[in-house]
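[1] Got a predicted structure plus its sequence, pasted below:
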Amino acid sequence: MEAPTIGGVRIRQGDGATVRLRRGASLTDLAEKINVDAAQLVQVLFSLGEMVTATQSVNDDTLQLLGAELNYNIQVVSPEDEDRELLERFDLEFGEDEGDEDDLAPRPPVVTVMGHVDHGKTRLLDTLRKANVAGGEAGGITQTIGAYQVKTRVDDNDRRITFIDTPGHEAFTAMRARGAKSTDIAILVVAADDGVMPQTIEALNHALAADVPIVVAVNKIDKETADPSKVRGQLTEYGLVPEEYGGDTMFVDVSAVTGQGLDELLEAVVLTADAALDLRANPTMDAQGVAIEAHLDRGRGPVATVLVQRGTLKVGDSIVAGPAHGRVRALVNDLGDNVDEAPPSMPVQVLGLTSVPGAGDSFLVVSDDRTARQIADQREARNRAAAQAAGARRKTLDQLFEQLEKGETQELLLILKGDSAGSVEALEESLSQIDVGDEVSLRVIDRGVGAITETNVSLAAASGAVIIGYNVRAQGKATEQADRENVDIRYYSVIYGAIDDIEAALKGMLKPIYEEAVLGHAEIREIFRSSKFGTIAGCMVLDGIMRRNAKARLLRDGVVVVDTDIHSLRREKDDVTEVREGYECGLTLGNFNDIKHGDIVETYEMREKPRA
């Protein structure tokens, strides 16, 4: 039986069989799965109006379109499933404790400190740790994620608590989005003299979305203007009802300056953990966990702050963290001391990785360096293909022809970063309402809360986007990277300034509008024949001017005979540039010679029209 023809291509069809492909797969990958030539798939897609090369990363929609045409059920594997399958090929599993109940041991709770800017989050941790964390920060604002462990005594037992201090709630969300549930309890810090603020609500929403218990620390209780009952009342409206009001949320009044209430806060965290959570892990298995923060240190190379979730991380272990891998050369605890091992819930800095992992990337210990390198390489290839597919915009033949007909449609790409989710949303909404016609469009490809990062700059460089910072600045080396890669970063503190600038930029991208302006009319009254110049029209200028090389059209009984230009213009025996109303002249029209007495020559020019 002959294979059917699809779009002029003879190709074997499937019988509804399921084909699993990774995100960002190419036509070559699909061709290998269904045993056909990749060039045939290119032709099929071309006939469907899609232009894709054989090795190009293809987005999910295009793969589904091709699968439906060939009668295959294309199943695009999610990044989580793909990572799980990758680990299964190496007989590894992430996210589960090995062994039975007897192998599990209690572990300290991991607490994330969240809240509005300047409500005292870092000062609170600083007081808890009795170490000057805030002193080394630019302007007193947290620049990187820190993880610290503190000791407390509850019911005559020594207990440890691990604290994570985040620079913004987007880091908290990024970890959760990657499937790494790194936090057990959230402490929501609210200033007693300031009350609930926009970022307080934002932090609360992040904590609720992560489904973690919340303890509220009402800070700055030592101030004269402090009103802790107001804070309790405000948070009740958002579902956090204090225990003294009959609810189940523990509220603790604290002062990061005087140290008041800090022991009660630590006790509240321990009691909440004991009551709501079963915090146990196997400390004897190979270590697994999450990278909280990572950076490139000039002297030590890639340094990752990791939180061990299960198992014990030891010096000398072969480790893979996201697309990075290596052998652990040293472990440094939160006090700056070198340690030989890190048990569950302990945060440590890891030295020895070959590259910098991303915040929220999972890490695990494997049997040898070779396995670590293979897993890391495949993860990196997968991430690169997925990013290419996500960045590739589908362009059909119809769209291409339309753009060719009316001139290339231009698009302004933006990345929005702001100090709160509300301001970013308001800015995006305002920008989307700018109307400059169909020729130019505006697309926001990424938005977020917090400082402008190197990741934002990398995305802008790859896509040609402009970064808009609303009440935020670039952090770390993002400014240097932006200068190096010629990425335009614009800072605004007033939302209307951003709107006006973007509107001006969009109008600047528009092609100019031209309108016709009539210069003058002349009537042909005599016709002269010349072997050198052809047919010469003897004219009287009725109004306006006749100008040499100006556009002209010949009108006969009000009908346009030809659209050309004035090739030569003379007055008596002299060549002239222009002849005004009321004067006679001789002229020739391009290469057109079929002129008659009484014809009208109309000259005009195209002038740029200012946009409204």
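    Happy to help now that I have it. Note that the coordinates shown come from a computational prediction; the quantities given were computed from them, not determined experimentally.
[2] Number of residues surrounding residue 221?
    22 (other C-beta atoms under 10 Å). C-beta coordinates here come from the backbone N, C-alpha and C atoms, glycine included.
[3] ditto for residue 425
    By other C-beta under 10 Å, 14 other residues sit near residue 425.
[4] Check which helix or strand it maps to.
    helix 421-432 (DSSP states H and E).
[5] Give me the distance from that helix to the chain's centre.
    Using C-alpha atoms, centre = their mean, to the nearest Å, the mean C-alpha position of helix 421-432 is found 15 Å from that of the whole chain.
[6] Can you verify residue 303 is assigned to a strand?
    Yes: in this structure, residue 303 lies within a strand as judged by DSSP: H, G, I helix; E, B strand; the rest coil.
[7] I'd assumed residue 352 was in contact with it.
    No: Residue 303 is beyond contact range of residue 352, at 9.4 Å (criterion: C-beta atoms under 8 Å).
[8] What residues are bridge-paired with the residue nearest to residue 590 when sequence neighbours are not counted?
    Leaving aside its sequence neighbours, residue 590 sits nearest to residue 564 (C-beta to C-beta, 6 or more residues apart in numbering; 3.7 Å). Beta-bridge partners of residue 564, counted by DSSP bridges, are residue 552.
[9] Same check on residue 291?
    Those that pair with residue 291 in a beta bridge, by DSSP bridges, are residue 306.
[10] Give me the phi and psi for residue 105.
    phi -130, psi 150 (degrees, to the nearest 10).
[11] List the contacts of residue 186.
    Listed by C-beta atoms under 8 Å, 6 or more residues apart in numbering, the contact set of residue 186 reads 111-114, 203, 207, 210, 212-215.
[12] go on, residue 257?
    Residue 257 neighbours (C-beta under 8 Å, 6+ apart): 123, 127, 220, 222.
[13] so the third one sits right up against residue 192, yeah?
    Yes: the pair formed by residue 220 and residue 192 meets the contact definition of C-beta under 8 Å, at 5.0 Å.
[14] any shared contact partners between the two?
    Joint contacts of residue 220 and residue 192 (C-beta under 8 Å, 6+ apart) are residue 226.
[15] For beta bridges, what are the partners of residue 448?
    Applying DSSP bridges to residue 448, the residues it is bridged with are residue 417.
[16] so what's it up against?
    For residue 448, the contact set (C-beta under 8 Å, 6+ apart) comprises 170, 416-417, 424, 456.
[17] What is the subsequent helix or strand relative to the worst-scoring helix or strand of the chain on mean pLDDT?
    Lowest by mean pLDDT, DSSP states H and E among the helices and strands of the chain is helix 169-177, with a mean of 43. Using DSSP H and E, the helix or strand that follows helix 169-177 towards the C-terminus is strand 185-191.
[18] need the next SSE after that next one, C-terminal direction.
    helix 198-209.
[19] Next, the buried residues of that following helix.
    Residues of helix 198-209 classed as buried: 199-204, 206-207 (neighbour count, 16 or more other C-beta atoms under 10 Å).
[20] other SSEs contacting that helix?
    Helix 198-209 is packed against strand 110-115, helix 169-177, strand 185-191, strand 214-219, helix 421-432, with contacts defined by 3 or more C-beta pairs under 8 Å, 6 or more residues apart in numbering; DSSP states H and E.
[21] rewinding a little: out of the buried residues of helix 198-209, which two are the most distant from each other?
    199 and 207 (12.5 Å; C-beta to C-beta).
[22] In the strand ranked longest in the chain, which residues are buried?
    Longest strand in the chain by number of residues (criterion: DSSP state E): strand 513-530. Using 16+ other C-beta under 10 Å as the test for burial, strand 513-530 gives 519-524.
[23] follow-up on the earlier one: and of the contacts of residue 257, the nearest to residue 495?
    Among these, and counting by C-beta to C-beta, the member closest to residue 495 is residue 220, at 29.5 Å.
[24] Could you measure from that closest one over to residue 232?
    Applying C-beta to C-beta, to the nearest Å, the value for residue 220 to residue 232 is 15 Å.
[25] Next: residue 545.
    In terms of C-beta to C-beta, residue 545 sits 83 Å off from residue 232.
[26] Neighbour count for these two, which is higher?
    residue 232 (21 against 17).
[27] now residue 224, what's its secondary structure?
    Classification of residue 224 by three-state DSSP places it in coil.
[28] And the pLDDT for it?
    Here the pLDDT value assigned to residue 224 is 84.
[29] Contacts only, for the residue nearest the centre of the chain.
    In the chain, the centroid-proximal residue (C-alpha atoms, centre = their mean) is residue 446; its distance is 3.2 Å. Residues in contact with residue 446 (C-beta under 8 Å, 6+ apart) are 415-416, 456, 459, 465.
[30] tell me, how many neighbours does the residue lying closest to residue 553 once chain neighbours are set aside end up with?
    Leaving out its chain neighbours, the residue that sits closest to residue 553 by C-beta to C-beta, 6+ apart is residue 563, at 4.7 Å. Residues within reach of residue 563, counting by other C-beta under 10 Å, total 14.
[31] looking at it, residue 563 is touching residue 589, isn't it?
    No: taking contacts as C-beta under 8 Å, residue 563 lies outside contact range of residue 589: 9.9 Å.
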